[in-house]
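K.L.:
pasting the structure only:
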């Protein structure tokens, strides 16, 4: 029995190692994207802040005070995790600020789309070494997200077959590989989204067992909040998945009403208070790692409020508990006394980011406004999750660029581009998805039903309701839950095969 268990662990490690190596291996072969150049150029913030010590360099300025100066718009509309991960990679590789390329220009002096040659002359195209170094952190993170998909599938199903299938399907998804390997936001986003969902699953499962005298798994709640803040800091639309994860943890106790009282986390004020604290902690973490919104008063206030709610939810009484609660209250009062404007200032970052994100999407959608019809959005969503191959560019003029065509040909012939799209793959995935949904409908594992329904359903509904841009990378958050559902479908197939074998044998 023990040898069999060790063998399975060895197989798990070998299988996941191969998938992670595969996800990373195509780093240098992915066709270039102009946004990579812009994010690399924006790394001037990292060098100025952490090498020159100018902490105020990237802070938000009023639009009337040099709005487009120093990558202000880029900071508002993109995440910040890549700033730190890419910066560490640059430091380890000895890259200096004067080696950075310039920001990518999408239109030329004649208002036509700017070619790669046009940007090359202006120093906006990163060299091969710089691009490879910049891509490394994202490629590592997307490889690690494969491990997390396996872990989520295993925890939800306790089926190795489902976990193997889910991680294989996810690791060979073309759009995951294309976007996750680039020097952009998506590798970090995919990793921290999977980490957030994994911690949500852990928190829900930890609700089902008494831990000494405690019923509330506060540690898991706090970890979920921190991971959620990092996910949103990776790419702002990650907020949708984080809220879905919080909702799953919130309502999970309601699915366990039939279990004996005193053995599981109840749906009471402590539970709600703790999750509210996790939510505030995520906001504090987001501000902590987002230089454009750096403000010690904002971070300390939110951290104090989060600590107070978590301390209030703590089931332990006595001197230590009340000391922690008192310290949190004192911290909040002290920050308020020092800087009373900190409270109204909390509303500024989300309002400004939403305003300029909407403006940017309107510009990107063009004069026709993008996908305005619900049927069109539905068709596009189905196409992307089932049938579409990897999308290498959003500006269709790039199809005529010689460099992109050559890189695409070499990338696809390398065998590192994942499974191809098309009708056959789409039908196969649709069948596995249907079987996975059937498995959920059987309701054997309430946690799996709850998590997967919200993990997939909430972002899908938000995309259908709000997204007007027909861009594949906006649908990346759907691929991990789809892979887990398809993994459930593979397990269903395995169950049927096992039954047929038993019948034949008998």
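P.N.:
Good, I have the coordinates. Just so we're clear, the structure is a prediction, and the values are computed from it rather than from any experiment.
K.L.:
Counting neighbours, what do you get for residue 413?
P.N.:
Counted by other C-beta atoms under 10 Å, the residues lying close to residue 413 total 10. In this view, the C-beta of every residue, glycine as well, is placed from N, C-alpha and C.
K.L.:
Then residue 318?
P.N.:
Residues lying near residue 318 (other C-beta under 10 Å) number 7.
K.L.:
can you check the one 3 residues further on too?
P.N.:
For residue 321, the tally of surrounding residues (other C-beta under 10 Å) stands at 14.
K.L.:
tell me which element it is part of?
P.N.:
Assigned by DSSP states H and E, residue 321 belongs to helix 319-338.
K.L.:
And that helix, what's buried?
P.N.:
For helix 319-338, a neighbour-count test (16 or more other C-beta atoms under 10 Å) marks 324-325, 328, 331-332, 335 as buried.
K.L.:
mean confidence for that helix?
P.N.:
Mean pLDDT, computed over helix 319-338, is 94.
K.L.:
Give me the distance from that helix to the chain's centre.
P.N.:
Counting by C-alpha atoms, centre = their mean, to the nearest Å, helix 319-338 is centred 33 Å from the centre of its parent chain.
K.L.:
try stretch 491-506
P.N.:
Between the centre of stretch 491-506 and the centre of its chain there are 38 Å (C-alpha atoms, centre = their mean).
K.L.:
So what touches it?
P.N.:
Contact partners of stretch 491-506, identified using C-beta atoms under 8 Å, 6 or more residues apart in numbering, comprise 157, 159, 161-162, 165, 432, 435-436, 438-439.
K.L.:
avg pLDDT for it?
P.N.:
On average, stretch 491-506 scores 81.
K.L.:
Return the residue spatially closest to residue 356, with its sequence-adjacent residues excluded.
P.N.:
Closest residue to residue 356 in three dimensions, ignoring its sequence neighbours and counting by C-beta to C-beta, 6 or more residues apart in numbering: residue 76, at 5.0 Å.
K.L.:
Run a quick neighbour tally on that neighbour.
P.N.:
For residue 76, the count of nearby residues is 20 (other C-beta under 10 Å).
K.L.:
now do residue 467
P.N.:
Residue 467 sits with 20 neighbouring residues when counted by other C-beta under 10 Å.
K.L.:
Enumerate every residue touching the closest residue to it other than its chain neighbours.
P.N.:
Spatial nearest neighbour of residue 467, chain neighbours left out: residue 474 (5.8 Å); criterion: C-beta to C-beta, 6+ apart. By C-beta under 8 Å, 6+ apart, the contact list for residue 474 reads 237, 463, 467.
K.L.:
so how far is residue 44 from the first one?
P.N.:
The span separating residue 237 from residue 44 equals 25 Å under the rule C-beta to C-beta, to the nearest Å.
K.L.:
Pick out whichever of these two has more residues nearby.
P.N.:
Using other C-beta under 10 Å as the criterion, residue 237 and residue 44 rank with residue 237 on top: 22 against 16.
K.L.:
Mind checking what secondary structure that one has?
P.N.:
Secondary structure state of residue 237, per DSSP: H, G, I helix; E, B strand; the rest coil, is helix.
K.L.:
mind listing what it touches?
P.N.:
474, 477.
K.L.:
residues in contact with the helix or strand encompassing the residue nearest to residue 356?
P.N.:
Following DSSP H and E, one finds residue 76 within helix 72-77. Residues outside helix 72-77 that contact it (C-beta under 8 Å, 6+ apart) are 38-39, 42, 45, 58, 60-61, 66-67, 103, 236, 291-292, 352-353, 356-357, 360.
K.L.:
mind running it again at 7 Å?
P.N.:
The contact list for helix 72-77 (C-beta atoms under 7 Å, 6 or more residues apart in numbering) reads 38, 42, 58, 61, 292, 352-353, 356-357, 360.
K.L.:
which of those are buried?
P.N.:
Buried, going by 16+ other C-beta under 10 Å: 38, 42, 58, 292, 352-353, 356, out of the contacts of helix 72-77.
K.L.:
got any ranges where this protein has weak pLDDT?
P.N.:
Scanning the chain with the threshold set as pLDDT under 70 gives 1, 63-70, 210-213, 257-262, 505-506.
K.L.:
what comes up buried for the longest helix along it?
P.N.:
Longest helix in the chain, counting residues (DSSP state H): helix 128-157. Across helix 128-157, burial judged by 16+ other C-beta under 10 Å covers 130-157.
K.L.:
quick one: residue 106 from residue 144, how far?
P.N.:
Counting by C-beta to C-beta, the gap from residue 106 to residue 144 is 32 Å.
K.L.:
what angle sits between the one helix or strand residue 286 maps to and helix 319-338?
P.N.:
According to DSSP H and E, residue 286 maps onto helix 269-288. Using axes from the mean of the first three to the mean of the last three C-alpha atoms, to 10 degrees, the direction of helix 269-288 lies 50 degrees away from that of helix 319-338.
K.L.:
what's the following helix or strand after helix 269-288?
P.N.:
Per DSSP H and E, the first helix or strand lying C-terminal to helix 269-288 is helix 296-313.
K.L.:
can you list contacts of that following helix?
P.N.:
Residues outside helix 296-313 that contact it (C-beta under 7 Å, 6+ apart): 216, 218, 222, 270, 273-274, 276-277, 280-281, 283-284, 287-288, 321, 324-325, 328-329, 331-332, 335, 338-339, 342, 345-346.
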